[in-house]
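> Sequence and predicted structure below; questions after.
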Amino acid sequence: PVSTVAREVKRNGGPTRYVATCAQRRAERCARRPKIQRLCAERDLAARVTKALENRESPMTIARREGVSHETIYQAIYRSDRGLDRGLWRYLHHRRRQRRSRRHPGDTRRSVLGQFRPITRRPAAATRRTQIGHLEGDLLVGAKNASAIITIVDRATRFCLLGALPEGYDAKHMAQGVIRLLRPIPEAGRRTLTWDQGREMVLWE
């Protein structure tokens, strides 16, 4: 898409300053893992964000001014390893010690996926990308839903598995496809699998 090319040019100096080799080096540098959190790497930025929070500014307002994602600020507030000091939640408008689910307290609906493990319980080694075997899966659907492909990528090595779903991507065929892809992989190479909460994963267990 034209918009993809435009963003690539813009983030690397614009039409008059774009240099492909420099852009490639920047892309490779940004893709390195494990990734250092921005507020951990830029202590001046972290200090400005802290001061703004203490002045009762909202993370959204700070994010727009400082050029950092508001989600990055929220994660740093609620997690001690993301670059900000503990206790800054006191300066938020709601003063919550931890993030709350968006689901309404009276909503008793259960997920069609059953009791799955949330991503927050994923092992630290998977988050740091320091151990093979922690996989991420996704479903890619083609034009007019006429075709579908399973993708499974190892977070540490970027090793990628692809599997076609010629008979459709309902729960049954998804489960069969994932099993077919992972069966040849040694146990050490398939420790955990992270997936989104799509209905096609009903048979995840």
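Alright, I've got the coordinates.
> Which stretches in the protein count as helices?
2-11, 20-30, 38-41, 43-54, 59-66, 70-78, 124-128, 171-182 (DSSP state H).
> got JSON lines for the ones you listed, with mean pLDDT and distance to residue 114 too?
In short, each C-beta sits where N, CA and C put it, glycine included. As requested, the helices of the chain are exported to JSON lines (pLDDT from 0 to 100; distance: least, C-beta to C-beta, whole Å):
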{"stretch": "helix 2-11", "mean pLDDT": "93", "distance to residue 114": "37"}
{"stretch": "helix 20-30", "mean pLDDT": "92", "distance to residue 114": "37"}
{"stretch": "helix 38-41", "mean pLDDT": "87", "distance to residue 114": "36"}
{"stretch": "helix 43-54", "mean pLDDT": "92", "distance to residue 114": "38"}
{"stretch": "helix 59-66", "mean pLDDT": "91", "distance to residue 114": "33"}
{"stretch": "helix 70-78", "mean pLDDT": "89", "distance to residue 114": "27"}
{"stretch": "helix 124-128", "mean pLDDT": "87", "distance to residue 114": "22"}
{"stretch": "helix 171-182", "mean pLDDT": "94", "distance to residue 114": "12"}
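> what's the most buried one of those?
For the helices of the chain, the largest average neighbour count (mean count of other C-beta atoms under 10 Å) is found in helix 70-78, namely a mean of 19.
> Counting by contacts, list what it packs against.
Secondary-structure packing of helix 70-78 (3 or more C-beta pairs under 8 Å, 6 or more residues apart in numbering; DSSP states H and E): helix 38-41, helix 43-54, helix 59-66.
> The same query, at a cut-off of 7 Å, please.
helix 38-41, helix 59-66 (3 or more C-beta pairs under 7 Å, 6 or more residues apart in numbering; DSSP states H and E).
> Name the surrounding residues that touch it.
38-39, 49, 59-60, 62-63, 82-84, 88-89, 98-99 (C-beta atoms under 7 Å, 6 or more residues apart in numbering).
> And these, which two are furthest apart?
Using C-beta to C-beta, these reach their maximum pairwise distance at 38 and 98, which is 21.9 Å.
> ok so, going back, can you put the helices and strands packed on helix 70-78 in JSON lines and add distance to residue 159?
JSON lines is the format used below for the helices and strands packed on helix 70-78 (distance: least, C-beta to C-beta, whole Å):
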{"stretch": "helix 38-41", "distance to residue 159": "27"}
{"stretch": "helix 59-66", "distance to residue 159": "35"}
